[in-house]
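Student: dropping a prediction and its sequence here:
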Amino acid sequence: VWRELYGPEPMPIPPYSRDWGETGAREPLAEAACKVMIELPTAGLVPGALLLFRMRAGAVAKHCGIVTAPDRFIHAYDRSGVVEVPLDAAWRRRAAFVFLFPSPS
């Protein structure tokens, strides 16, 4: 259904490791997002923005969420599913990248 509605994936999706402490010189998820989305400063938290988080200092940013209001976002947790939670100081500290989806052409 996805392909029929939106076409093929714009690029291969990088493999995902469940290791939240994974480190490296590259940011595969952010690099992929830069190719198809509009990067904003991390203060650019507007509804609809995609957030990429570092779960630990120095770790690769690989957790993501979508801003729903100036102080809330949705994301998925293991064993909890998709949840909307406050975008509090702890989450804001972890925000490493912010992207906007481009307007449909």
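Tutor: Great, that's in hand.
Student: I'd say residue 83 and residue 75 touch.
Tutor: Yes: between residue 83 and residue 75 there is a contact under Cβ atoms under 8 Å: 6.9 Å. Yep, even glycine has a C-beta here, placed from its N, CA and C like the rest.
Student: tell me the strands in this structure, going along the chain?
Tutor: Remark: strands assigned in the chain by DSSP state E are 38-40, 50-53, 63-69, 72-77, 81-86, 95-100.
Student: tell me the most buried of those?
Tutor: Most buried of the strands of the chain, by mean neighbour count (mean count of other Cβ atoms under 10 Å): strand 50-53, with a mean of 21.
Student: thinking again about what came up before, now the strands of the chain in JSON lines, with distance to residue 29 and mean pLDDT?
Tutor: Shown next, in JSON lines, are the strands of the chain (distance: least, Cβ to Cβ, whole Å; pLDDT from 0 to 100):
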{"stretch": "strand 38-40", "distance to residue 29": "12", "mean pLDDT": "95"}
{"stretch": "strand 50-53", "distance to residue 29": "6", "mean pLDDT": "96"}
{"stretch": "strand 63-69", "distance to residue 29": "7", "mean pLDDT": "96"}
{"stretch": "strand 72-77", "distance to residue 29": "14", "mean pLDDT": "94"}
{"stretch": "strand 81-86", "distance to residue 29": "18", "mean pLDDT": "96"}
{"stretch": "strand 95-100", "distance to residue 29": "8", "mean pLDDT": "96"}
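Student: JSON lines for those strands, including distance to residue 26?
Tutor: As requested, the strands of the chain are exported to JSON lines (distance: least, Cβ to Cβ, whole Å):
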{"stretch": "strand 38-40", "distance to residue 26": "16"}
{"stretch": "strand 50-53", "distance to residue 26": "13"}
{"stretch": "strand 63-69", "distance to residue 26": "16"}
{"stretch": "strand 72-77", "distance to residue 26": "22"}
{"stretch": "strand 81-86", "distance to residue 26": "28"}
{"stretch": "strand 95-100", "distance to residue 26": "13"}
